[in-house]
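Chemist: Structure for this input, please:
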Amino acid sequence: MNKILDNKNIIEALLFFSGEPVDFAKIKKGVKINDAELRKIINELKRDYEGRGVNILEFEGGAEMVTSPDAAEFLSDFVKSEIQEDLSQAALETLAIIAYRGPVSRAQIDDIRGVNSTFILRNLLIRGLIKRDNNPNDFRSFIYSITSDFLKKLGLKDIKELPEYEKYHPAGDLSRV
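Modeler: Numbers count the residues shown, from 1 in each chain. As a prediction, this is how the structure comes out:
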């Protein structure tokens with residue numbers, strides 16, 4: 001059975017899927033609603049999530065789905081255990097894409113992998129293996145690249161020491177970002 005979602009459900013899904021702040025202008029354009037309707041929906045979502053594990057955080061010009069401050073202690077312990085565990089196959093795959101194709105956007109990573117990489121990217125950021133910078137070609141998104149800690153863990157001095165690096169990373173080609 002295919003249920004047609006209303007605007008509130010669509011915006012909720014968009015905030016959840018994004019995993020990052022979403023500008024109101026982008027939401028209004030995508031959902032095709034006006035300021036008043038968007039304001040009403042954001043306020044309803046904020047009320048719906050009060051006292052729950054996630055909240056809607058509103059900032060000037062946008063919103064984001066975030067974890068509740070009440071869950072901070074548990075999440076801190078969870079993140080610590082995640083960092084101490086070995087990397088999953090999906091995390092290794094994502095890390096390889098960033099190392100060989102970086103700087104690369106999340107959309108490009110998702111396109112290569114065929115799945116959403118938001119949580120894996122967050123895990124790699126927390127571990128200090130990758131870094132996130134503003135995308136020079138699109139101010140609404142970020143680009144990801146490896147860190148010096150990543151190189152140290154592999155015993156490398158330069159990213160170009162990776163096997164067949166030049167084959168997969170055309171020098172100076174930022175048009176991919």
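Chemist: Walk me through the domains of the protein.
Modeler: For the chain, the domain assignment from automatic domain parsing gives the residue ranges 7-69, 86-176.
Chemist: What distance do you get for Gly114 to Arg101?
Modeler: Separation of Gly114 from Arg101 (Cβ to Cβ, to the nearest Å) stands at 15 Å. No exception for glycine: its C-beta is placed from N, CA and C like everyone else's.
Chemist: how about the nearest residue to Asn34, chain neighbours excluded?
Modeler: Here the nearest residue to Asn34 in space, its sequence neighbours aside, is Lys28; by Cβ to Cβ, 6 or more residues apart in numbering that works out to 7.0 Å.
Chemist: residues touching the one you found, list them.
Modeler: Residues near Lys28 by Cβ atoms under 8 Å, 6 or more residues apart in numbering: Asn34, Asp35, Leu38.
Chemist: Restrict these to the buried ones and give me that as a PyMOL selection.
Modeler: What follows is the PyMOL syntax selecting those of the contacts of Lys28 that are buried according to 16 or more other Cβ atoms under 10 Å:
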select buried, resi 38
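Chemist: Considering the contacts of Lys28, which is situated nearest to Leu75?
Modeler: Ranking these by separation from Leu75, with Cβ to Cβ as the measure, puts Leu38 on top at 28.9 Å.
Chemist: and the closest one, what helix or strand is that in?
Modeler: helix 35-48 (DSSP states H and E).
Chemist: how about the strands in the chain?
Modeler: When secondary structure is read from DSSP state E, the chain shows strands at 22-23, 54-59, 62-67, 104-105, 130-135, 138-146.
Chemist: Output those as a markdown table; include the columns distance to Asp48 and mean neighbour count.
Modeler: Below are the strands of the chain laid out as a markdown table (distance: least, Cβ to Cβ, whole Å; neighbours: other Cβ atoms under 10 Å):
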| stretch | distance to Asp48 | mean neighbour count |
| --- | --- | --- |
| strand 22-23 | 17 | 17 |
| strand 54-59 | 8 | 16 |
| strand 62-67 | 11 | 18 |
| strand 104-105 | 31 | 20 |
| strand 130-135 | 29 | 16 |
| strand 138-146 | 26 | 17 |
